[in-house]
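Peer 1: take a look and give me a structure for this.
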Amino acid sequence: EEYIIDDAKNTLVLQEWYESSTNQVPVSLLINGNSRIGELINTGGDKQITDHLTGKGACFSLTKNKHFHLGNFTTNYTEFHVKQPGYQYRFRVIGAISQNLPLRLSIENHTFTAIAMDSLNIEPVPHLTDLWLAAGERYDILVKTTEEQDQSCLAYKIKVIGFTDQPHNHCPLCTIAWLKYPKQYIDYTYVTDCACTGFHLPPPLRTLNPVPNKYAAWKNRIKYPNWKNPSTTGDIFIADLREPKSKSKSTINNLANTQYIEFDGSITFNGLRMSYPPVPFLLQDPADKTDRCGSTCNGQPPKTKCTTKNPANCSANDYCNCQHVVKEPLVRDGWVEIVLVNNNQGAAAHPIHQHGGWYWVVGEGQYNHNINSSFIRHQDKINKISRNLHNPPPKDTIQVPPGGYAIIRTKLDNAGTWIFHCHINYHVTIGMAMVLQIGEFGKPEWEGQDWCTGNLTKNEVCPTKPPPPDGGPTDISWYLHMENAYRCVAPGVNVTFVWEYGHSLNWLTPDDWKSCNVSGTQANGEPVEPNPKH
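Peer 2: The predicted structure follows:
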């Protein structure tokens, strides 16, 4: 077996960078906190920032970078050194991305093998040219180094690129790290330009985990086991990966129930915008269900029964703020299935992350038209949606295809309350989250149901106020039926308003407000509605 250099220092933490917490224009990419910005830098207005945060994608304007002085940089790109050419080097790649800006990694003159994702092993996927990561995703790769590499030339670039207009792969941001062999040199004057010259990858490509927002790519993907042949080229999606250890169909098929979670464009789960209680869910004994919504499931498979409840303030046709909880029994050898449905083709490929353990991806699909939960249920009923129960791949974050679905199964053996959310930072703060509760206090007839709270005190109010879905200290998220929002800011500080699906806002000056002058325009340019419906 070929020797592998496994050093924790060979870790790449990938993320985008913003100049300040109050300016949500991405201006650079970082590898391990390092990068450089060239002569031009991104700038943008409210419309571009809103489209970026909500996941639609946006192209920002370019302006002169006042801090740029060629040859006078205060930061160097991150360096990785190949001290033993010819061996395989293990790299851990972490997608520490904040917003909807998936990043692609490639290495000049090298291919690599993916051996793990989200910390668990997968069947090795060899001879990859590039790899995509969304917010929250992680991959372990083996980079084959060789003694035949030209060691008297410039070090190789590890290239990372993302597109702020992700649906169209327009408006790039990029950065590099150096992969240096013993006799190679580094160009310390190098800086990426705003067009990301040299980052285009010529075909043929073997791409792992592409952003699943193009139906043609999904339709023409390399399926399992065809990708095992390293000469086949194309895109490899998560559903076509496999776990290396044996998992019997009967084990993963001991199903308690199936839940459907729909993303209808409102940046919510099933139209429910998550709010949080003063006492954490884990410490509530008995549970305070006053403002709870979602499903409650009891019993043991196959006799688990589920009921759904929404608070009185939630009507069938409106979006609702509530404490969204899916409650499941603890079943040591049981599973819950969740079907994630991303309705609209133009939506973000929401990266959905689960705390408290992993899920196994048993299905994935995409259509060339908009869909909804009813459509997927019907397709499932007539057996047009398949599930792979033979060694499906484990994950804790998956991008759900726009106009498509992902089917995941989670073991019900880890009692507690686990947050389940979109990993796009703005989306989780606006309420695209829920809690997966496994077990509950006071159920001695089911072994292990009564979870442990450690040294925490039951029913103790959290000293930190739960985050509201209406935004942070210097931003306000504007959505249907929200409560009044108040901010106290210092003079000169920008306050960003971001308005949501199905809603705009009337933009009035202080004088217009005082005089009740509503003859102007909304923030979207349309005439003000003097008697708005919402």
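Peer 1: C-alpha only now, for contacts and for neighbours.
Peer 2: Noted.
Peer 1: in the stretch 301-450 of the chain, which spans are strands?
Peer 2: 305-309, 320-328, 335-342, 351-354, 359-366, 394-395, 397-399, 404-411, 416-422, 433-438 (DSSP state E, counting those that start in this stretch).
Peer 1: what is the mean pLDDT for the longest one?
Peer 2: When you say that, I think you mean strand 320-328. Per-residue pLDDT over strand 320-328 has a mean of 93.
Peer 1: just checking: what are the partner strands of that strand?
Peer 2: strand 272-274 (parallel), strand 292-298 (parallel), strand 433-438 (parallel) (DSSP bridges).
Peer 1: so for Trp358, which of these sits nearest?
Peer 2: Ranking the strands paired with strand 320-328 by their distance to Trp358 (criterion: CA to CA) puts strand 433-438 first, at 12.4 Å.
Peer 1: ok, the next helix-or-strand element following that closest one: who's next to it in the sheet?
Peer 2: Sequence-wise, the next helix or strand downstream of strand 433-438 (DSSP states H and E) is strand 475-478. Next to strand 475-478 in the sheet, as set by DSSP bridges, lie strand 496-499 (parallel).
Peer 1: for Tyr188, see how far away the most centrally placed residue in the chain is.
Peer 2: The chain has Pro351 as the residue nearest its centroid, 2.9 Å off, counting by CA atoms, centre = their mean. For Pro351, the distance to Tyr188 equals 36 Å [CA to CA, to the nearest Å].
Peer 1: ok, Thr43 next?
Peer 2: Thr43 is 27 Å from Tyr188, by CA to CA.
Peer 1: and the two? which has more neighbours close in?
Peer 2: Taking other CA atoms under 10 Å, Thr43 and Tyr188 do not tie; Thr43 has more neighbours (18 against 11).
Peer 1: how about the more buried one: what's its closest non-neighbour residue?
Peer 2: Ser61 (5.2 Å; CA to CA, 6 or more residues apart in numbering).
Peer 1: for that neighbour, grab the count of nearby residues.
Peer 2: Neighbour count of Ser61, defined by other CA under 10 Å: 13.
Peer 1: repeat for Pro311
Peer 2: Pro311: 16 neighbours (other CA under 10 Å).
Peer 1: got a pLDDT number for it?
Peer 2: On pLDDT, Pro311 comes in at 75.
Peer 1: quick check on it: phi, psi?
Peer 2: phi -60, psi 160 (degrees, to the nearest 10).
Peer 1: list the contacts for it?
Peer 2: Pro311 makes contact with 290-293, 322 under the criterion CA atoms under 8 Å, 6 or more residues apart in numbering.
Peer 1: distance of Leu412 from Leu389?
Peer 2: 17 Å.
Peer 1: look at the two and report which has more neighbours.
Peer 2: Leu412 (23 against 19).
Peer 1: does the more buried one really touch Leu436, like I thought?
Peer 2: No - applying CA atoms under 8 Å, one finds Leu412 not in contact with Leu436, separated by 10.0 Å.
Peer 1: find residues that contact each of those two.
Peer 2: In contact with both Leu412 and Leu436: Glu328, using CA under 8 Å, 6+ apart.
Peer 1: what about the longest strand in the chain?
Peer 2: When the chain is parsed with DSSP state E, its longest strand is strand 4-20.
Peer 1: now for that one, which elements pack on it?
Peer 2: Here strand 4-20 touches strand 23-31, strand 88-95, going by 3 or more CA pairs under 8 Å, 6 or more residues apart in numbering; DSSP states H and E.
Peer 1: now it and strand 88-95, what's the angle there?
Peer 2: 30 degrees (axes from the mean of the first three to the mean of the last three CA atoms, to 10 degrees).
Peer 1: buried set for strand 4-20?
Peer 2: Across strand 4-20, burial judged by 16 or more other CA atoms under 10 Å covers 5, 10-17.
Peer 1: could you do stretch 196-203 as well?
Peer 2: For stretch 196-203, the buried set under the neighbour-count rule, 16+ other CA under 10 Å, comprises 196, 199.
Peer 1: for the nearest residue to Gly416 once chain neighbours are set aside, give me its contacts.
Peer 2: Once flanking residues are discounted, Gly416 sits nearest to Ile438: 5.3 Å by CA to CA, 6+ apart. The contact partners of Ile438, by CA under 8 Å, 6+ apart, come to 327-330, 412-417, 449.
Peer 1: ditto for Thr457
Peer 2: Shown in contact with Thr457 (CA under 8 Å, 6+ apart): Leu283.
Peer 1: distance of it from Gln284?
Peer 2: 10 Å.
Peer 1: tell me the strands beside the longest strand of the chain, with direction?
Peer 2: strand 23-31 (antiparallel), strand 88-95 (parallel).
Peer 1: any weak-confidence spans in the stretch 151-300 of the chain?
Peer 2: Applying pLDDT under 70 to the stretch 151-300 of the chain picks out residues 151, 246-250.
Peer 1: which residues of it fall in strands?
Peer 2: Under DSSP E, counting those that start in this stretch, the stretch 151-300 of the chain gives strands at 156-165, 170-180, 206-208, 234-236, 255-263, 272-274, 292-298.
Peer 1: what residues are up against the closest residue in space to Cys174 that isn't next to it in sequence?
Peer 2: Once flanking residues are discounted, Cys174 sits nearest to Ile161: 4.2 Å by CA to CA, 6+ apart. Ile161 makes contacts with 29, 103-105, 172-175, 196, 199, as judged by CA under 8 Å, 6+ apart.
Peer 1: and what of Glu123?
Peer 2: 115-116, 241-244.
Peer 1: sort out for me which of these are in helices.
Peer 2: Of the contacts of Glu123, none are assigned to helices by DSSP state H.
Peer 1: of these, grab the buried ones for PyMOL.
Peer 2: Selection of buried members from the contacts of Glu123 for PyMOL, criterion 16+ other CA under 10 Å:
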select buried, resi 115+116+241+242+243
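Peer 1: now, which of the contacts of Glu123 sits nearest Ile261?
Peer 2: Nearest to Ile261 among those, with distances taken as CA to CA, is Leu241, at 23.3 Å.
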